[in-house]
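For reference, the sequence and a predicted model appear below.
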Amino acid sequence: MLEKQHHPGDAVDTSYVDDVCMIQMSPTVSSANTPLEERTERHLRNGARLGLSFATPKTELLYCLPLTSKDKGKSLSSHPPLRILNTTIPAKRLIKYLGVFIDESLTFIQHATMAAARGHKILGSLSFLRHRSHGIPAHIAHHLAMTAILPAMFWASPAWWTDMPAVSATLSVTYNAIARWITGLPLNTRTTNLITHAHLPPMAAYLDYLSLRYAIRLHFLPTYHALGPPRSQPNTHSNLPGIHHLHNLSKHLVQGKLEDRTATSTVPGVAKTTSPNPDKTTRPQQLHEEWLRTLTAQTIVIYTDGSKLENGAVGCGWAIYHCRNQQLHLPENGRCNLGNRAEVYDAELHAVQEAVTAVLTTTAARASVFVCIDN
């Protein structure tokens, strides 16, 4: 249906089920209209041969103009008309495509307003379940927020999130209201305390995480895919969303070797240490036992492990050892079943979280804590 018959450098055709999007890059509006009309009519003819028809009344047109463009302040009627099979398609300031509101300058401020309103609406439908300290427990409210409110509010965020102040300010009002509903804390609570007690990540960090997760998926797409892997576009403004923004988030993941055993730590306050086994010639158990004998008293060593069985069941375990007289003593251990909906990486992280929480809530003296992760 969308077989390319044009230069791919200045034109892109994509489709999700029956929603078709055609993009034409051009220095002026008038020079973009002619190839866009030709391509659209070609697709209409291809669709007629395949028994597919387009709904012309649903067709929307958007001219994306930079904020510095001299045509920015002009009336939309002043632009040359776009005619498809003797039908004039009027231009708009805002269109909706796959649930995302796209404005002519790609600021996505209007979309942020719509997304915040959507999240507030869902929060309002759930608010009766919990008021202050009454109703469902806080952890159930947190679960509802992460599974019902935030996914709707942050729908398709990798396409529009760039941490612009105007977008962040609009979304943070609803995000803080969700945290307040989870915790039941009063209105005058500091935002940092509110987010912390609600066990929510900072909003910007959470949206960056969603974008990074999507960028990683793009890196593994086949070369012929319409999107392709994230790539750098140095001539594009840094505040604009797109593939280049996802590239900036994920470029550190694809540079250099995936495993470099000669690297040293760069964390402030941590001594730089080289790998004791760069060539993998020594047995790991021997190296580990030698390292244990160097630990000082009151050192805590945590061991964690996660696993997934063939039937899909996921679980994890952890053990907390205290070092005394160059020997390890086991005061505490635990295990947890995470059901059939988690992955082994979730289990690994959950074991670390549970073990560290146990260490932080104990009164035992500790000089330092090491976490040995089997992953």
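Noted; the coordinates are in hand. Numbers count the residues shown, from 1 in each chain.

who touches stretch 353-360?
Here stretch 353-360 makes contact (C-beta atoms under 8 Å, 6 or more residues apart in numbering) with 300, 302, 304, 316, 318-320, 332, 334, 336, 366, 369, 371. Every C-beta, even on glycine, is put in place using the N, C-alpha and C of the backbone.

how does it look with 10 Å?
Counting by C-beta atoms under 10 Å, 6 or more residues apart in numbering, stretch 353-360 makes contact with 300, 302-304, 316-320, 331-336, 366, 369, 371, all of which sit outside it.

How about stretch 245-255?
158-163, 208-209, 211-219, 227, 229-233, 236, 238-239.

and the contacts of stretch 353-360, which are buried?
Among these, those classed as buried by 16 or more other C-beta atoms under 10 Å are Ile300, Ile302, Tyr303, Thr304, Cys316, Gly317, Trp318, Ala319, Ile320, Val371.

The strand or helix carrying the fifth one pairs with which strands, and in what direction?
This points to Cys316. Cys316 belongs to strand 314-324 when assigned by DSSP states H and E. Next to strand 314-324 in the sheet, as set by DSSP bridges, lie strand 299-308 (antiparallel), strand 327-339 (antiparallel).

Output that strand as CSV - backbone C-alpha positions only.
Once non-C-alpha atoms are left out, strand 314-324 reads as follows in CSV (Å, rounded to 0.1, in the frame of the first residue of the first chain):
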residue,chain,number,x,y,z
VAL,A,314,9.8,-16.1,39.0
GLY,A,315,11.4,-15.9,42.4
CYS,A,316,14.4,-14.5,44.2
GLY,A,317,16.5,-14.9,47.3
TRP,A,318,19.0,-13.0,49.3
ALA,A,319,21.5,-13.6,52.2
ILE,A,320,23.1,-10.9,54.4
TYR,A,321,26.5,-11.8,56.0
HIS,A,322,28.4,-9.9,58.7
CYS,A,323,32.2,-10.0,58.6
ARG,A,324,33.9,-10.7,62.0
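
coming back round to it: now, which of the buried ones among the contacts of stretch 353-360 sits nearest Thr282?
Tyr303 (20.1 Å; C-beta to C-beta).

Pop the domain breakdown of the protein in here.
The record's domain parsing of the chain by automatic domain parsing lists 11-92, 108-252, 284-373.

Can you say which of these is packed in most?
Among the domains of the chain, domain 108-252 has the highest mean neighbour count (mean count of other C-beta atoms under 10 Å), at a mean of 16.

now Trp160, nearest residue through space, not along the chain?
Phe108 (4.1 Å; C-beta to C-beta, 6 or more residues apart in numbering).

need the contact list for the one you found.
Phe108 neighbours (C-beta under 10 Å, 6+ apart): 100-102, 114-115, 157, 159-162, 164, 166-167, 170, 240-241.

Report pLDDT for it.
Looking at Phe108, its pLDDT is 93.

ok, it to Ala297 distance?
Plainly put, Phe108 is 56 Å away from Ala297 if you go by C-beta to C-beta, to the nearest Å.

do the same with Glu332
Taken as C-beta to C-beta, the span from Glu332 to Ala297 is 18 Å.

swap in His237?
Distance, His237 to Ala297, by C-beta to C-beta: 56 Å.

Ok, Ala198 next?
From Ala198 to Ala297 the distance is 38 Å (C-beta to C-beta).

what sits against the closest residue to Ala148 other than its chain neighbours?
Leaving aside its chain neighbours, Ala148 sits nearest to Ile122 (6.2 Å; criterion: C-beta to C-beta, 6+ apart). The neighbourhood of Ile122, defined by C-beta under 10 Å, 6+ apart, consists of Leu144, Ala145, Ala148, Ile149, Leu150, Pro151, Ala152, Met153, Thr174, Ile178.

again, only using 8 Å
Ile122 makes contact with Ala148, Ile149, Ala152, Met153, according to C-beta under 8 Å, 6+ apart.

For it, what is the enclosing helix or strand?
Per DSSP H and E: helix 109-126 holds Ile122.

what's in contact with the very next helix or strand once past that helix?
Note on helix 109-126: by DSSP H and E, the next helix or strand toward the C-terminus is strand 130-131. The contact list for strand 130-131, computed with C-beta under 8 Å, 6+ apart, reads Ile136, Ala138, Ala141, Trp181, Ile182, Gly184.

Report the mean confidence score over stretch 286-306.
Here the average pLDDT along stretch 286-306 is 88.

any idea how far it is from the chain center?
Centroid separation between stretch 286-306 and its chain, computed with C-alpha atoms, centre = their mean, to the nearest Å, is 35 Å.

quick revisit: out of the buried ones among the contacts of stretch 353-360, give me the two with the largest separation.
Pairwise distances across these (C-beta to C-beta) peak at 18.6 Å, for the pair Ile300 and Cys316.

Phi, psi for the closest residue to Tyr209 other than its chain neighbours please.
Spatial nearest neighbour of Tyr209, chain neighbours left out: Pro201 (7.3 Å); criterion: C-beta to C-beta, 6+ apart. Dihedral pair for Pro201: phi -70, psi 160, per degrees, to the nearest 10.

And for Ala55?
Dihedral angles for Ala55 - degrees, to the nearest 10 - are phi -90, psi 100.

same question, Thr281
Torsion angles, degrees, to the nearest 10, at Thr281: phi -100, psi -20.

rewinding a little: the contacts of strand 130-131 in helices, which ones?
The members of the contacts of strand 130-131 that map onto helices under DSSP state H are Ala138, Ala141, Trp181, Ile182.
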